[in-house]
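Trainee: pasting the structure only:
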């Protein structure tokens, strides 16, 4: 999986997505995910690295089947929050 860490106003935003989406763009009408943009530029990370950061993040932005399944297995409520854009499952989670 790809991992990107952004910090805005002291809050950690994690961007996690499937390796297969690197360098792609998907859209569905006016909704789009542009994995070529700087927002998605990160590094490949293993599940242990990502798990270590999940509970510290205030916001999680995730895309791709493998990533969504990983979050579900980690106990995050993803089933009712998944949106599909251009065939790619996508979620945004806010943690307090």
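Mentor: Cool, the structure landed. The structure presented is a predicted model; accordingly, all values stated were derived computationally and were not measured. Residues are numbered from 1 along each chain as shown.

Trainee: what about residue 14, distance to residue 81?
Mentor: Noted for residue 14: a distance of 15 Å to residue 81, by CB to CB, to the nearest Å. The C-beta positions use only the backbone N, C-alpha and C, and glycine is treated the same way.

Trainee: out of those two, which sits in the more crowded spot?
Mentor: Per other CB atoms under 10 Å, whichever of residue 14 and residue 81 has more neighbours is residue 14, with 21 against 13.

Trainee: Can you give me the buried ones in the helix or strand in which that one is found?
Mentor: Residue 14 is part of strand 11-17 when elements are defined by DSSP states H and E. Buried residues in strand 11-17, counting neighbours by 16 or more other CB atoms under 10 Å, are found at 13, 14, 15, 16, 17.

Trainee: With stretch 33-49 instead?
Mentor: Neighbour counts using 16+ other CB under 10 Å place 33, 35, 40, 42, 45 of stretch 33-49 among the buried residues.

Trainee: just stretch 15-30 next, same as before
Mentor: Applying 16+ other CB under 10 Å to stretch 15-30 flags 15, 16, 17, 18, 21, 26 as buried.

Trainee: Tell me how many other residues crowd the residue lying closest to residue 47 once chain neighbours are set aside.
Mentor: Nearest in space to residue 47, with sequence neighbours left out and distances taken as CB to CB, 6 or more residues apart in numbering, is residue 70 at 6.4 Å. Residue 70: 20 surrounding residues under other CB under 10 Å.

Trainee: Alright, calling it a day.
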